[in-house]
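this one's structure only:
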């Protein structure tokens, strides 16, 4: 009789053991799990000068820094801890050729002080056109207040629909990150649109899907969540002074990065553009990802002037982009630094309460995939 039920007993024990392991792995083993992971270390902005977001303003006008009435000849700081631009702890300027993580970007089923009381304007039905070199796009949405200006433009590039959010902010404090369910930890996911809505985002894209990886430094909103370096991954640094840099994944510790004024650090990659030069080739790819995919990337044009880029892919209407195509496209936008975030089915852009691209994992259905985190403006 015992032998007759032995298989069922073994199967039951294996299933029970796996369930216990999964629960422990999610809620116990990872002692760095944090619920209510919403704290923002805004103290790093105390010594940072803000930027006027009005692109039409005269260069002789005062900046929007409410703590200063000095003219444009005054000294400004570019490091949150020092007025010196040559401090040995300041961010390095280097031509970095990193090794890239062999994770699959396309198939992974992986109180703020900045509130504004000013009047805002928003439009998601504009039909203006903008051109970039030989590219011509259609403006499909705009947003503006005293501290944030956003223009959303849709392009057709390499038989693919590409959505570009041109973002200018008075301070990098308005470029934020958020975790799914406000919780840092493995296997914690939600839709980009849901995370964005929960955090009052004006604009959002999916992040680096940190929860699918065991290593890679994670700094969000000036807070260290993981200090486990990954030498094979390019690390994106967004500084409190409104600048951006890509370094090697094990080049600095998380504590050193905080001392350097790093506001956000993302571990996915690879780097796409550094010092205005494309850093990938036609043979570059992320792990086992196919050549043409939906993509998500972030870039910098100038201090506090960012671009968020999301492309469709895997459908009859949009083939998708290779990393090299993505990089050259962003180069045409005038981007000086650019970085690839999680793509494939994760690639999602959210603006003014709705998803504006066509996210898909298989190409058969248009729907979002749950992710660990988002990058957002708000």
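Ah, there it is. All values derive from a computational prediction rather than experimental measurement.

Which of the helices and strands in this protein ranks last by mean pLDDT?
Lowest by mean pLDDT, DSSP states H and E among the helices and strands of the chain is strand 129-132, with a mean of 62.

Helix or strand next in line after it, which one?
Toward the C-terminal end, the helix or strand that comes next after strand 129-132 (DSSP states H and E) is strand 135-144.

in the stretch 201-350 of the chain, which spans are helices?
254-259, 323-332 (DSSP state H, counting those that start in this stretch).

Which secondary structure element is home to residue 193?
Secondary structure from DSSP H and E places residue 193 in helix 192-198.

who's in contact with that helix?
Helix 192-198 is contacted by residues 178-180, 182, 201, 204-206, 346, 348, 350, 353-355, 368, 371, 373-374, 376 when judged by C-beta atoms under 8 Å, 6 or more residues apart in numbering. Using the backbone N, CA and C atoms, a C-beta is placed for each residue, glycine as well.

domain assignment for the protein?
Domain segmentation of the chain under automatic domain parsing yields 1-31, 42-54+77-377.

Next, the distance between the ends of the longest one.
Going back to what we said before, that points to domain 42-54+77-377. The first and final residues of domain 42-54+77-377 sit 15 Å from each other (C-alpha to C-alpha, to the nearest Å).

for stretch 238-255, same thing?
Distances were taken as C-alpha to C-alpha; on that basis the terminal residues of stretch 238-255 are 15 Å apart.

Could I get the average pLDDT for it?
Per-region confidence: stretch 238-255 scores 98 on mean pLDDT.

And stretch 177-191, by the same measure?
Along stretch 177-191, the predicted confidence averages to a pLDDT of 96.

Buried residues in it, which are they?
For stretch 177-191, burial by neighbour count (16 or more other C-beta atoms under 10 Å) applies to 177-186, 188-191.

Quick one: distance of it to the chain centre.
Taking the mean C-alpha point of stretch 177-191 and that of its whole chain, the gap between them comes to 14 Å (C-alpha atoms, centre = their mean, to the nearest Å).

Return the most buried member of the domains of the chain.
Across these, the average number of neighbours (mean count of other C-beta atoms under 10 Å) peaks for domain 42-54+77-377, which reaches a mean of 20.

centre of the chain versus that domain, how much separation?
Domain 42-54+77-377 sits 3 Å away from the centroid of its parent chain (C-alpha atoms, centre = their mean).

contacting residues around residue 333?
Applying C-beta under 8 Å, 6+ apart to residue 333 gives the contacts 132, 164, 299, 301, 307, 309.

What is the most widely separated pair among those residues?
For the contacts of residue 333, with distances taken as C-beta to C-beta, the pair at the greatest spread is 132 and 299 (12.8 Å).

okay, residue 314: pLDDT?
96.

Check whether it really touches residue 365, as I assumed.
No. Counting by C-beta atoms under 8 Å, residue 314 stays clear of residue 365, with 10.7 Å between them.
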